[in-house]
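**Student:** give me a 3D structure for the following:
(one chain, ligands or ions: 2)
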Amino acid sequence: MRVLSGIQPSGKLHIGNYFGAMRQHLQLQAENDGFYFIADYHALTNTPDKDEFRQCCLDVTMDYIALGLDVEKTVFWRQSDVPEVTELAWILSCVTPMGLLQRCTSYKDKVAQGLSPNHGLFAYPVLQAADILIYDSELVPVGADQKQHIEVTRDIAGRFNNVYGETLVLPKDHILDSVAVVPGIDGRKMSKSYDNTIEIFEPENKVKKKVMRIQTDSTPVEDPKDPDTCNIFALLRLAASKDEVAEWADKYRRGGIGYGTVKKRVVELLHDYFRPYRDRRAELEGDLDYVHGVLENGAKRARAVARVTIDRVREAVGLGG
Ligand code: ADP
Ligand code: TRP
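**Tutor:** Ligands and ions are numbered 1, 2, ... in the order given. Modelled structure (predicted):
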């Protein structure tokens, strides 16, 4: 099955991104035809600083490779290296009702937060639809926050096919809800926008400091505690084995365990979990030619697929001769 997903290069990736999205992308690649890309055109809607933006794309690429991207099998590229996707986005715009975009909650939320929106932000779901449709994607693994964008994609593809005849493949979504929202160090959802993240590859001593700072309630050490509402337990659950999770849940319920002890174990677990990847990440930093090569090769493979779709679409709408 063709599985496609994109991630925006808009900051350092954090363990919420990893456990909430990237880990599943990486797991899906073994049994599927994986197509993963860096959504740099999408990130432009935030008008990032040019040099930081370039570096960020490279960082995300190194993160994915270090975390286990199969560079032979999976196609991994930078969205803007396949400019055909913007052509498709324009063609799709012409069958997309304004009302459909006006109803998108991610757009409405940003406006409600006081952001003054540019046209790119408004049209964002159309570009996302083009990303999905240009590669004939069948399954699109995304977090719950992106579900509406997949519905919009299906809606746009359906309208296109109605007007021009069967041309585009309607994708299914695949909600990555097997992992609950990963809490940040202040207890809210971990997110770059809240400045409460633990980055996947920040130095181990920084990870330790952040975990030790995580907010907890004031239940005394000897009292029983509820593992299901504890932020530290939520992190422990991500990196520990099933047996260990069950042991700690039992200790919580019996009481007699302080949050400081659990935090120390979480630090060890996170270090152990990411250490092999951290070593690989450091090697990649020293071999940027290889990293650029992965992107170039990915762009070539992605572009070949995109070309076939865009030719089919141009033919369907009557562009060219
Ligand atoms: P951020 O909120 O830091 O800007 P993004 O919105 O770019 O993160 O998220 C990229 C991917 O990571 C999405 O698929 C999203 O569902 C997932 N993700 C982000 N934060 C979390 C979190 N705290 N818990 C689980 N998944 C998350
Ligand atoms: N909008 C997605 C996000 O913010 C990123 C994205 C862009 C994407 N194009 C996509 C995800 C296509 C899945 C499929 O997380």
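
**Student:** tell me which helix or strand in the protein has the weakest average pLDDT.
**Tutor:** strand 172-175 (a mean of 80; mean pLDDT, DSSP states H and E).

**Student:** quick one: average pLDDT of the strand or helix carrying residue 99?
**Tutor:** Here residue 99, judged by DSSP states H and E, is contained in helix 98-102. Averaged across helix 98-102, pLDDT comes to 97.

**Student:** distance from the chain centre to that helix, please.
**Tutor:** Relative to the chain's own centre, helix 98-102 is displaced by 24 Å; criterion: CA atoms, centre = their mean, to the nearest Å.

**Student:** pull out the buried residues from that helix.
**Tutor:** By neighbour count with 16 or more other CB atoms under 10 Å, helix 98-102 contains the buried residues residue 101. Any C-beta I mention is one placed from the backbone N, CA and C, and that applies to glycine too.

**Student:** same question for stretch 78-86.
**Tutor:** Buried residues in stretch 78-86 (16+ other CB under 10 Å): 78, 79, 80, 81, 82, 84, 85.

**Student:** distance of the residue in the stretch 1-150 of the chain positioned nearest to ligand 2 from residue 150?
**Tutor:** Residue nearest to ligand 2 within the stretch 1-150 of the chain: residue 6 (3.3 Å; CB to the nearest ligand atom). Applying CB to CB, to the nearest Å, the value for residue 6 to residue 150 is 12 Å.

**Student:** helices of this protein, residue ranges please.
**Tutor:** 15-17, 23-28, 40-43, 50-66, 84-93, 98-102, 105-112, 119-134, 147-164, 204-212, 231-239, 242-254, 259-285, 288-317 (DSSP state H).

**Student:** in TSV: those helices, plus distance to ligand 2.
**Tutor:** TSV is the format used below for those (distance: least, CB to the nearest ligand atom, whole Å):
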stretch	distance to ligand 2
helix 15-17	9
helix 23-28	10
helix 40-43	5
helix 50-66	12
helix 84-93	9
helix 98-102	14
helix 105-112	8
helix 119-134	4
helix 147-164	6
helix 204-212	23
helix 231-239	19
helix 242-254	28
helix 259-285	21
helix 288-317	13
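
**Student:** and these: which comes nearest ligand 1?
**Tutor:** Closest of these to ligand 1 is helix 15-17, at 2.9 Å (criterion: CB to the nearest ligand atom).

**Student:** just the residues contacting that closest one, thanks.
**Tutor:** The contact list for helix 15-17 (CB atoms under 8 Å, 6 or more residues apart in numbering) reads 7, 181-182, 184, 189-191, 197-200, 235, 238, 270.

**Student:** mind giving me the PyMOL select for the residues you listed, buried ones only?
**Tutor:** Restricted to buried positions by 16+ other CB under 10 Å, the PyMOL selection for these reads:
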select buried, resi 7+181+182+184+190+191+197+198+199+200+235+238+270
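
**Student:** among the contacts of helix 15-17, which lie within strands?
**Tutor:** Judged by DSSP state E, strands contain the following of the contacts of helix 15-17: residue 7.

**Student:** circling back to that earlier point, among the buried residues of stretch 78-86, which ones are in strands?
**Tutor:** Reading strands off those with DSSP E, I get residue 78.

**Student:** dump the buried residues of stretch 78-86 to a markdown table, plus distance to residue 286.
**Tutor:** As requested, these are exported to a markdown table (distance: CB to CB, whole Å):
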| residue | distance to residue 286 |
| --- | --- |
| 78 | 21 |
| 79 | 26 |
| 80 | 26 |
| 81 | 24 |
| 82 | 28 |
| 84 | 34 |
| 85 | 32 |
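
**Student:** also within reach of ligand 1: list those from the buried residues of stretch 78-86.
**Tutor:** By CB under 6 Å from any ligand atom, no member of the buried residues of stretch 78-86 lies near ligand 1.

**Student:** find the pair from the buried residues of stretch 78-86 with maximum spatial separation.
**Tutor:** 78 and 84 (13.6 Å; CB to CB).

**Student:** any weak-confidence spans in the chain?
**Tutor:** Counting by pLDDT under 70, the chain contains low-confidence residues at 177-179.

**Student:** which parts of it sit against ligand 1?
**Tutor:** Proximity of the chain to ligand 1 (CB under 6 Å from any ligand atom) is limited to residues 7-8, 16-17, 20-21, 142-143, 145, 181-182, 189-193.

**Student:** many thanks, we can stop here.
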